[in-house]
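1. My questions concern the predicted model and sequence given below.
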Amino acid sequence: MGAKTVTIAERDGALLRHARGEDLDAVDHLTVEGYRAIQESYVDLVGAETYDAVRHEPQLSWEERKCAQNRQLFDTHPERLWVLEREGEVFGYVTFWLFPEQSYGHIDNNAVDTDAAGQGWATFMYRHVLDHFRELGLRFAHVDTGLDDAHLPARRAYAAVGFDRAVPVVEYWQDLSLRNAGSTPAD
């Protein structure tokens, strides 16, 4: 007997619901497709040599590492991975973390199938996650994203659901094997 379906919301014949184990392959696919441009942008920005040398868990490809994040969360907190489903097909997902002792929730990995992009599905998911945070009595919500062009759709969707306090962050890298053109000789 399959797991009980916990439905969060419905829209246009689609369900936003708790994920089930049989959804994880679809979530993996959406993760790889949804994060590919972001990954490529990051590698372009830091440089392939830097990325290859310093990446986390170098024994894993970026796809394996990103998919593992969702699977590990599902293993420990399956109720924190929600999927969008229409006609038996998963076409979007969102994950989140809860920090009740600090009164906040964090929206984490998420993606929508490219065929459904631009139709408000991401904001639909985020609104329901934020409502869930409110129902739990949390005061604050957090999400992080990049400032590069690959993250522009994410930034727009987060702003659309009310995220209004951006903290700009710059990540600097340097190849120490190259002479720093901006350095000055010691006095």
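-> Yep, it's here.

2. Could you report the distance from the residue nearest to residue 60 when sequence neighbours are not counted to residue 59?
-> Spatial nearest neighbour of residue 60, chain neighbours left out: residue 68 (7.0 Å); criterion: CB to CB, 6 or more residues apart in numbering. Using the backbone N, CA and C atoms, a C-beta is placed for each residue, glycine as well. Distance of residue 68 to residue 59, computed by CB to CB, to the nearest Å: 11 Å.

3. okay, these two: which has more neighbours?
-> Legend: neighbour count by other CB atoms under 10 Å for residue 68 and residue 59, higher for residue 68 (14 against 6).

4. thinking again about what came up before, next, the buried residues of the helix or strand that the residue nearest to residue 60 is a member of.
-> Residue 68 is located in helix 62-76, with elements delineated by DSSP states H and E. Of the residues in helix 62-76, 62, 66, 67, 70, 73, 74 count as buried by neighbour count, 16 or more other CB atoms under 10 Å.

5. what mean pLDDT would you report for stretch 54-71?
-> Stretch 54-71 carries an average pLDDT of 93.

6. Please, where are all the strands along this structure?
-> Assigned strands in the chain, in chain order: 7-11, 14-18, 81-86, 89-99, 104-112, 140-142 (criterion: DSSP state E).

7. Could you dump the ones you listed into a markdown table and include mean pLDDT?
-> Rendered in a markdown table, the data for those read as follows (pLDDT from 0 to 100):
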| stretch | mean pLDDT |
| --- | --- |
| strand 7-11 | 97 |
| strand 14-18 | 98 |
| strand 81-86 | 98 |
| strand 89-99 | 98 |
| strand 104-112 | 98 |
| strand 140-142 | 97 |
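
8. For residue 103, which non-adjacent residue is closest in space?
-> residue 139 is the one closest to residue 103 (CB to CB, 6+ apart), at 4.2 Å.

9. wait, that neighbour sits on residue 102?
-> No. Taking CB atoms under 8 Å as the definition, residue 139 is not a contact partner of residue 102, at 9.0 Å.

10. circling back: want to throw the strands of the chain into CSV with mean neighbour count?
-> Below are the strands of the chain laid out as CSV (neighbours: other CB atoms under 10 Å):
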stretch, mean neighbour count
strand 7-11, 13
strand 14-18, 19
strand 81-86, 22
strand 89-99, 20
strand 104-112, 21
strand 140-142, 16
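
11. Generate a markdown table for these, with distance to residue 173 as supplementary columns.
-> Output for those, formatted as a markdown table (distance: least, CB to CB, whole Å):
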| stretch | distance to residue 173 |
| --- | --- |
| strand 7-11 | 40 |
| strand 14-18 | 38 |
| strand 81-86 | 32 |
| strand 89-99 | 27 |
| strand 104-112 | 23 |
| strand 140-142 | 25 |
